[in-house]
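Engineer: Could you look at this predicted model? Sequence included:
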Amino acid sequence: MFFSSLLDRFIKKSPIAVLSHATIIYTLNATSLDALFREHASLQYEHRITFSSLVDLMSLVVCQIYRSVNSADTQCAEKIAASLVAVSGKLNRLELPIISAFVSETAARQATVVAQLHAELPAPVPGYWVKIVDGNHLAATEPRLKVLRDEAAAPLPGQALVVYDPQRDLMTNLLPCEDGHAPERSLLAEVLPLIDEGEVWIEDRHFGTTEFVFGIQARKAYFIIRQHAGNLHWEELRKPTPCGRCDTGEVYEQSVRLWADDGREMVCRRITLKLDQPTRDGDTELHSLTNLPKSVKAVVIAAASRKRWTIEVGFQKLATVLESEIDTLAYPKAALFGFAVGVAAYHVLSVVQAALRSEHGTDRVQKEVSTFVMAEELSAVSEGLKIAIPETTWSRIATLSMAEFARWLKEVARQAKMEKYQKHPRGPKKKKRKLRPDKKKPHVATARLLKSRKVANK
């Protein structure tokens with residue numbers, strides 16, 4: 001699909017950057033973002049600062065093109081006809097429903113692109129659509145606000161519950177909360193309306209509450225929840241029986257009964273995984289509760305429960321590969337918006353990986369392709385793409401149908417040299433010795449130590 005000879009040169013040199021920028025243009029275009037703001041805003045208004053310009057501004061920081069909102073705003077002065085004070089005020093007062101809708105509505109559009117590419121990943125529970133929910137507390141910020149300057153404790157700008165779709169590698173919903181100390185389970189009431197009939201929801205032990213478990217059952221969906229000792233009322237109906245092995249240990253199953261204080265009851269399965277190696281917390285056994293039918297083997301459930309960590313890998317990428325937790329954004333709403341833009345950037349890389357999977361195979365991309373290397377190329381080339389490629393070219397890409405856009409993504413992905421984006425896994429970490437500082441010898445010269453080692457090895 002020919003657009004311009006200059007774009008073709010970028011595709012040959014930096015296909016990942018082209019795929020990423022085209023995905024941003026197609027799924028995060030200004031028209032749809034500004035319409036989203038108008039639909040969900042109740043107190044704020046656009047005036048001279050549009051919501052799409054705020055997303056563009058924050059994405060420059062999240063993708064590590066500029067180090068701060070201040071420096072990004074200086075570069076975007078022509079696009080945003082307002083002072084830095086006005087921009088900061090807009091960011092600091094962004095309404096939470098806008099932030100939540102920004103993630104869910106753009107993720108839905110990106111999910112359609114992944115579906116058109118036919119590049120979904122295998123489901124953790126074969127035959128079922130799986131969702132994973134977990135919480136993420138934003139990292140402490142700098143104490144920039146006057147109210148924080150006399151506080152010795154680290155200021156937490158907020159947290160969010162995130163719903164993750166492992167089949168499409170997308171965080172489909174974000175439920176933001178300004179209170180960094182609020183318990184995660186206080187947000188669960190907002191999760192229940194997101195659950196569709198027939199889905200399987202995987203959660204950590206913090207979410208194993210009576211209301212949430214019975215709420216999932218009432219919506220004719222399924223759960224796999226790590227069991228917490230004090231969260232649920234339950235009793236044993238049958239002794240555990242061995243069911244085989246998974247990758248990490250022996251699996252056992254038994255029937256149990258759950259009940260609520262209002263008289264509701266449920267018979268479900270309790271899956272026990274006796275680990276070959278203890279967890280980092282020292283646990284030797286992991287217990288999960290599920291209402292999945294007997295047709296789903298206990299070994300499959302045990303393995304799926306362990307897959308909950310995939311969302312934590314996503315959080316890690318947001319914090320390291322992308323600068324989604326910006327420590328200079330001390331106001332909670334601004335910090336949560338920065339995290340949401342980080343999620344949107346993560347989705348762009350997920351769509352790019354889906355395009356690569358469609359052309360180069362799922363196993364190869366999952367095992368060999370480094371998200372960090374992809375993000376580096378995007379950061380290095382994106383500004384050059386914006387300058388060199390005229391808006392008319394990107395506008396033509398934005399008018400493609402979903403099927404045409406997916407076909408074009410595959411054409412570009414076909415030209416990617418996969419060895420350029422390979423992971424470089426390191427070996428196991430060596431155990432560090434704890435050395436006490438010597439007050440008489442506080443410093444050493446590295447060059448002298450290297451020289452003495454070289455002499456000793458002769």
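Structural biologist: Everything's here; your move.
Engineer: can you pull the contacts of T141?
Structural biologist: Contact analysis of T141 by CB atoms under 8 Å, 6 or more residues apart in numbering lists 155-157, 326-330, 335. Where you see a C-beta, it was placed from the backbone N, CA and C, and this is true even at glycine.
Engineer: Quickly check these for the two that are furthest apart.
Structural biologist: Across the contacts of T141, the longest distance by CB to CB is 14.8 Å; it joins L156 and T328.
Engineer: and which of the contacts of T141 is nearest to A119?
Structural biologist: The closest of the contacts of T141 to A119 turns out to be I326 (CB to CB; 30.9 Å).
Engineer: Find the nearest non-adjacent residue to that closest one, please.
Structural biologist: Nearest in space to I326, with sequence neighbours left out and distances taken as CB to CB, 6 or more residues apart in numbering, is G338 at 4.6 Å.
Engineer: do A398 as well
Structural biologist: I25 is the one closest to A398 (CB to CB, 6+ apart), at 5.3 Å.
Engineer: do H137 as well
Structural biologist: Counting by CB to CB, 6+ apart, the nearest residue to H137 once its immediate chain neighbours are dropped is Q159, at 4.5 Å.
Engineer: swap in K386?
Structural biologist: K386's closest residue in space is H21 (CB to CB, 6+ apart), at 7.5 Å.
Engineer: Report the contact partners of the one you found.
Structural biologist: Shown in contact with H21 (CB under 8 Å, 6+ apart): 378, 382, 385-386, 394.
Engineer: What is the nearest of those residues to E211?
Structural biologist: Nearest to E211, judged by CB to CB, of these is L378 at 42.0 Å.
Engineer: How is this protein partitioned into domains?
Structural biologist: With domains defined by automatic domain parsing, the chain comprises 5-95+330-421, 99-145+154-317.
Engineer: Distance across the first one, terminal residue to terminal residue?
Structural biologist: End-to-end span of domain 5-95+330-421 (CA to CA, to the nearest Å): 24 Å.
Engineer: okay, V412: pLDDT?
Structural biologist: pLDDT, V412: 93.
Engineer: pretty sure it belongs to a strand, no?
Structural biologist: No: going by DSSP: H, G, I helix; E, B strand; the rest coil, the assignment for V412 is helix, not a strand.
Engineer: burial measure for the residue lying closest to A30 once chain neighbours are set aside, as a count.
Structural biologist: Nearest residue to A30 in three dimensions, chain neighbours excluded: S52, at 3.7 Å (CB to CB, 6+ apart). Burial of S52 is recorded as 20 neighbouring residues (other CB atoms under 10 Å).
Engineer: Please name the residues that touch the residue nearest to A398.
Structural biologist: Contacts for I25 (CB under 8 Å, 6+ apart) come out as 394, 397-398.
Engineer: where does this protein dip in pLDDT?
Structural biologist: Low-confidence segments of the chain (pLDDT under 70): 1-3, 77-78, 229-230, 309-315, 317-324, 426-438, 458.
Engineer: Mind jotting down where the strands sit in it?
Structural biologist: Counting by DSSP state E, the chain has strands at residues 130-137, 159-165, 170-177, 200-203, 222-226, 233-236, 241-246, 249-259, 265-275, 285-290.
Engineer: among the ones you listed, which is nearest T106?
Structural biologist: strand 170-177 (9.7 Å).
Engineer: Distance from the chain centre to the closest one, please.
Structural biologist: Remark: strand 170-177 is offset 9 Å from the chain centroid, using CA atoms, centre = their mean, to the nearest Å.
Engineer: With stretch 53-63 instead?
Structural biologist: Offset of stretch 53-63 from its chain centre (CA atoms, centre = their mean): 17 Å.
Engineer: Can you list the neighbours in contact with that stretch?
Structural biologist: Stretch 53-63 is contacted from outside by 24, 28, 30, 33, 66-69, 72-73, 75-76, 79-80, 87, 90-91, 94, 102, 322-324, 326, 337-338, 341-342, 344-345, 375, 378-379, 382, using CB under 8 Å, 6+ apart.
Engineer: Which residues lie in contact with the closest residue to K131 other than its chain neighbours in this structure?
Structural biologist: Spatial nearest neighbour of K131, excluding adjacent residues (CB to CB, 6+ apart): W201 at 5.2 Å. Going by CB under 8 Å, 6+ apart, W201 touches 130-133, 195, 216, 221-224.
Engineer: Equivalent analysis for V69, please.
Structural biologist: V69 is in contact with 57-58, 61, 87-88, 91, 326, 328-329, counting by CB under 8 Å, 6+ apart.
Engineer: separation between it and Q75?
Structural biologist: Applying CB to CB, to the nearest Å, the value for V69 to Q75 is 11 Å.
Engineer: Quickly note the distance from F337 to A107.
Structural biologist: 16 Å.
Engineer: Let me fix that, I meant to ask about Y66.
Structural biologist: 25 Å.
Engineer: Comparing the two, which residue is more hemmed in?
Structural biologist: Just comparing Y66 and A107: by other CB under 10 Å the higher neighbour count belongs to A107, 24 against 19.
Engineer: residues touching that one, list them.
Structural biologist: Contact analysis of A107 by CB under 8 Å, 6+ apart lists 170-173, 343, 347.
Engineer: now do A406
Structural biologist: A406 is in contact with 113, 116-117, counting by CB under 8 Å, 6+ apart.
Engineer: ok, now P157?
Structural biologist: Shown in contact with P157 (CB under 8 Å, 6+ apart): 138, 140-141, 178, 180, 329-332, 334-336.
Engineer: The closest residue to A189 other than its chain neighbours: neighbour count?
Structural biologist: For A189, ignoring the flanking residues on the chain, the nearest one in space by CB to CB, 6+ apart is E211 at 7.8 Å. Residues contacting E211 under the criterion other CB under 10 Å number 13.
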